[in-house]
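J.: need a structure here:
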Amino acid sequence: MKILVTGGAGFIGSAVIRHIISNTQDSVINLDKLTYAGNLESLISVSDNERYAFEQVDICDINELKHVFAEHKPDIVMHLAAESHVDRSIDGPDEFIQTNIVGTYNLLEATRDYWSTLPETRKQAFRFHHISTDEVYGDLEGTTDLFTETTPYAPSSPYSASKASSDHLVRAWHRTYGLPILVTNCSNNYGPYHFPEKLIPLVILNALDGKALPIYGKGNQIRDWLYVEDHARALYKVVTEGKVGETYNIGGHNEKQNIEVIKTICHILDELKPQKNGQPYESLITFVKDRPGHDLRYAIDASKIANELNWTPTETFGSGIRKTVEWYLSNMEWCSRVQDGSYQRERLGIN
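T.: Predicted coordinates:
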């Protein structure tokens, strides 16, 4: 098959592409605008493969999208392109509205235009897989409640509201036009190649630099952590084996308070790369004012994908977080290039 992956230079998108190229015989077209969070260095291991192609395209540009469909003729679309950082959405929501809502609309229309021209057998086999987040559900008050595929939407931030909007658009294009869609909502991802504005890589890199480790509020916010390579495997399974029109929640079965996550990272770093001053990394933890509308708890019921598609995560939080810390320690050059923007300057021919 030919699989068009939008946002393929991002954290999850690049993991999906590496999984497909390394574990299947499918071809991939990576469509990415290459914003600050898009990094083609995450795909060096597969970029020379004859089954991989790259198109630098903004999903808000419908004419360019139509050109990509006409040239590459994909059998599947996996839509991951999105603005995804909550703090950035609070400071400047406009880009989130444009990319996550308008961009998804343009992609749906370009897809529908292309899909309508396919022969009937290819039309029936075609899939549009929209990758979303558990943040569309809002937060959970109880300690035992879980998000299911039928949990009502109650987004709290401009980011989650824009993703909720895109989810609704995708389902509407299925209901109204018959476009064969699938939707997945995942919990917090972590792992190699994660952009360092997110919690886990930020903590690792700040700690190694001897900088403060800021925690919102009391650090008692609970998230379900999903190792990115487990997620990539789940996404491929959904798009190839899932039932059209269905939603599948993907979780890591690893609920942790933010403070617990940070302390775990500190303990691993104490073991693998102790501070020169002999102080434990926990001494760098500082508590800062909580952000507006901060959800307290996310937790996913992933029983549907387990029962129907036989997918479960292979990594525990303990094994996954250790792999993640070890990866960052072994790839500090990648980290420094991302942090100082040099990978972007080289991409643009600026040295």
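J.: hmm, who's touching stretch 284-295?
T.: Stretch 284-295 is touched from outside by 86-87, 90, 135, 138-139, 156-157, 206-207, 210-219, 221, 259, 262-263, 266, with contacts defined as Cβ atoms under 8 Å, 6 or more residues apart in numbering. The C-beta positions use only the backbone N, C-alpha and C, and glycine is treated the same way.
J.: List buried residues within those residues.
T.: 86, 90, 135, 138-139, 156-157, 206-207, 213-216, 219, 221, 259, 262-263, 266 (16 or more other Cβ atoms under 10 Å).
J.: what about residue 230, distance to residue 271?
T.: In this view, residue 230 and residue 271 are 24 Å apart by Cβ to Cβ, to the nearest Å.
J.: Oh, that last question was meant for residue 180, not what I typed.
T.: 49 Å.
J.: Compare the two and say which is more crowded by neighbours.
T.: residue 180 (17 against 10; other Cβ atoms under 10 Å).
J.: these two touch, right, the more buried one and residue 126?
T.: Yes: with contact defined as Cβ atoms under 8 Å, residue 180 counts as touching residue 126 (5.7 Å).
J.: Residue ranges in this protein under the pLDDT threshold?
T.: Scanning the chain for pLDDT under 70 picks out the ranges 341-351.
J.: for it, what spans make up the helices?
T.: 11-23, 62-72, 86-91, 94-96, 104-115, 120-125, 158-177, 199-208, 228-241, 258-272, 303-309, 317-330, 332-340, 342-347 (DSSP state H).
J.: Could you list every helix and strand that the fourth one packs against?
T.: Which is helix 94-96. helix 86-91, helix 158-177 (3 or more Cβ pairs under 8 Å, 6 or more residues apart in numbering; DSSP states H and E).
J.: quick one, which of those helices is nearest to residue 194?
T.: Nearest to residue 194 among the helices and strands packed on helix 94-96 is helix 86-91 (15.0 Å), distances taken as Cβ to Cβ.
J.: can you list the helices of the chain in CSV and add distance to residue 288?
T.: Below are those laid out as CSV (distance: least, Cβ to Cβ, whole Å):
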stretch, distance to residue 288
helix 11-23, 24
helix 62-72, 40
helix 86-91, 12
helix 94-96, 23
helix 104-115, 33
helix 120-125, 50
helix 158-177, 19
helix 199-208, 13
helix 228-241, 27
helix 258-272, 12
helix 303-309, 36
helix 317-330, 22
helix 332-340, 20
helix 342-347, 28
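J.: Next one: the closest residue to residue 301 other than its chain neighbours relative to residue 299, how far apart?
T.: Computed as Cβ to Cβ, 6 or more residues apart in numbering, the closest residue to residue 301 that is not its neighbour in sequence is residue 146, at 3.8 Å. With the distance defined as Cβ to Cβ, residue 146 ends up 5 Å from residue 299.
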